[in-house]
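Trainee: Quick one, what's the 3D model for this:
(one chain, ligands or ions: 2)
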Amino acid sequence: MINQASNILCLGAAHFDRTLQCTETFVPAASNPVRTLHRKPGGVSRNIAVHLRLLGCNVGMLGAVGDDGDGDQIIRSLSEIGIDTRQIRKIPGGHTAGYTAILDETGELALGLMDAEIYDRLTYDLLADQLANIQNWPWWLVDANLPTETLIWLAGQKRTSRFCAATVSPSKSARFKPLLDKLDVLIANRAEAKVLSGIEINDINDAVNAIKSLRDHGIPHILITLGAKGVISADDREIAFWRPLPTRVVDVNGAGDAFYSGFLTTFSKPGTSFDDAIGTGLAMASLTAETEGTTVWNIDNKTVQERAVTAFKEKI
Ligand SMILES: Nc1ncnc2c1ncn2[C@@H]1O[C@H](COP(=O)(O)OP(=O)(O)OP(=O)(O)O)[C@@H](O)[C@H]1O
Ligand SMILES: [Mg+2]
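Mentor: Ligands and ions are numbered 1, 2, ... in the order given. Sure, this is the predicted structure:
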């Protein structure tokens with residue numbers, strides 16, 4: 001039986017990531033023969049939603065797709081694993097978002113192209129008639145692909161729902177600046193935390209200063225992820241440092257999103273602590289870094305908890 005408090009609505013990006021590689025010398029401004037290396041579903045909210053669902057949470061997704069094959073496939077793949085997709089808007093004439101990486105013949109990135117225009121269509125005018133449904137979800141995971149005005153509007157409408165911010169990228173993270181005082185949870189990597197705090201983060205001390213400055217906005221729970229160095233956490237009682245769990249690294253892509261899903265799956269359950277949730281976050285980041293791609297499809301709570309219990313904090 002899923003607990004009511006584990007109902008999480010993920011608001012933001014769900015799209016496809018494609019990687020193509022030139023089979024001959026890359027020539028700019030010309031037609032280049034390529035091979036498709038992969039085409040995989042991605043987007044921060046999608047990545048987090050899928051892991052939350054695989055870990056047993058009751059999950060909804062709110063976003064936008066075009067009226068095209070990619071959009072249909074996104075919706076189908078989410079609903080197939082039991083995610084409620086009724087809040088995903090299909091925009092007539094729109095194109096589903098997507099990231100395309102073009103590698104040259106040596107495997108170096110020649111061009112990265114992100115089409116995220118469809119997310120700009122998620123204005124608060126469009127979402128107004130969904131508000132009652134949105135407010136029914138006690139937990140919101142909101143990614144910075146939504147337009148700034150929509151983020152501000154949502155923060156003003158949250159009532160008892162908890163607003164958990166996912167920063168996405170340094171440039172998009174700035175969208176949370178006007179609503180920092182309304183956030184319940186903020187998780188950012190070091191580059192995104194720099195944009196929000198104004199403090200350059202090169203070591204643990206810098207991260208502590210950044211987290212203190214963010215805490216001054218009144219955010220009750222903040223985490224700054226530091227890649228292979230670990231995590232700095234802050235609540236209203238203490239600031240702590242957590243080392244990453246021992247990991248046989250295969251592919252760190254998506255480790256940040258996985259940290260968020262692990263954290264939320266525990267934090268959204270009654271009777272759990274901030275520290276327990278950080279342990280689950282570290283375990284999910286570690287298991288994802290040991291897996292090719294952003295999703296650990298065969299994940300289960302027992303495996304996650306066995307790793308999570310080895311996490312420990314160092315008080316600062
Ligand atoms: N090389 C690594 N070894 C062990 N753990 C790692 C490594 N890289 C990342 N992690 C774990 O994943 C967490 C999140 O990583 P990171 O700070 O790089 O997030 P991110 O930049 O948001 O990543 P992404 O956006 O690619 O998912 C780290 O706090 C750490 O626990
Ligand atoms: Mg990230």
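
Trainee: OK, contacts around the residue of the stretch 151-300 of the chain found nearest ligand 1?
Mentor: Going by C-beta to the nearest ligand atom, ligand 1 is nearest to residue 256 of the stretch 151-300 of the chain, at 2.1 Å. The C-beta positions use only the backbone N, C-alpha and C, and glycine is treated the same way. If a contact means C-beta atoms under 8 Å, 6 or more residues apart in numbering, then residue 256 has 187, 189, 225, 285 as its contacts.

Trainee: mind listing which of those are in helices?
Mentor: Using DSSP state H, the subset of the contacts of residue 256 located in helices is residue 285.

Trainee: Just name the closest of the contacts of residue 256 to residue 168, please.
Mentor: Proximity of the contacts of residue 256 to residue 168 (C-beta to C-beta) peaks at residue 189, which lies at 10.0 Å.

Trainee: Show me what from the stretch 101-250 of the chain comes close to ligand 1.
Mentor: Within the stretch 101-250 of the chain, the positions lying close to ligand 1 (C-beta under 6 Å from any ligand atom) are 189, 225, 226, 227, 228, 230, 231, 244, 247, 249.

Trainee: Using JSON lines, lay out the residues you listed together with neighbour count, pLDDT and distance to residue 81.
Mentor: Below are those laid out as JSON lines (neighbours: other C-beta atoms under 10 Å; pLDDT from 0 to 100; distance: C-beta to C-beta, whole Å):
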{"residue": "189", "neighbour count": "21", "pLDDT": "97", "distance to residue 81": "27"}
{"residue": "225", "neighbour count": "25", "pLDDT": "98", "distance to residue 81": "26"}
{"residue": "226", "neighbour count": "20", "pLDDT": "97", "distance to residue 81": "31"}
{"residue": "227", "neighbour count": "13", "pLDDT": "96", "distance to residue 81": "29"}
{"residue": "228", "neighbour count": "11", "pLDDT": "96", "distance to residue 81": "30"}
{"residue": "230", "neighbour count": "21", "pLDDT": "95", "distance to residue 81": "30"}
{"residue": "231", "neighbour count": "24", "pLDDT": "98", "distance to residue 81": "28"}
{"residue": "244", "neighbour count": "20", "pLDDT": "97", "distance to residue 81": "28"}
{"residue": "247", "neighbour count": "17", "pLDDT": "97", "distance to residue 81": "25"}
{"residue": "249", "neighbour count": "11", "pLDDT": "96", "distance to residue 81": "26"}
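
Trainee: ok, what's across the strand from residue 139?
Mentor: Here residue 139 sits in beta bridges with residue 8, residue 162, as judged by DSSP bridges.

Trainee: residues in contact with it?
Mentor: Neighbouring residues of residue 139 by C-beta under 8 Å, 6+ apart: 5, 6, 7, 8, 9, 161, 162, 164, 264, 268.

Trainee: So the residue of the stretch 151-300 of the chain closest to ligand 1 lies in a helix, does it not?
Mentor: Yes - under DSSP: H, G, I helix; E, B strand; the rest coil, residue 256 falls within a helix.

Trainee: Quick check: residue 123 vs residue 180, distance?
Mentor: Separation of residue 123 from residue 180 (C-beta to C-beta, to the nearest Å): 22 Å.

Trainee: I should have written residue 246 there, sorry.
Mentor: 34 Å.

Trainee: out of the two, which sits in the busier spot?
Mentor: Set side by side, residue 246 and residue 180 show more neighbours around residue 180, with 18 against 8, by other C-beta atoms under 10 Å.

Trainee: Got the confidence number for the closest residue to that one other than its chain neighbours?
Mentor: Leaving aside its chain neighbours, residue 180 sits nearest to residue 217 (4.1 Å; criterion: C-beta to C-beta, 6 or more residues apart in numbering). With respect to pLDDT, residue 217 scores 96.

Trainee: Do I have it right that residue 217 meets residue 182?
Mentor: No - judged on C-beta atoms under 8 Å, residue 217 makes no contact with residue 182 at a distance of 9.2 Å.

Trainee: on that earlier part again, ranking the contacts of residue 139 by neighbours, who comes first?
Mentor: residue 264 (30 neighbours).

Trainee: Just list the residues touching that one, thanks.
Mentor: Residue 264 sits next to 8, 48, 52, 57, 139, 141, 164, 185, 277 when contact means C-beta under 8 Å, 6+ apart.

Trainee: Brilliant, that's me finished.
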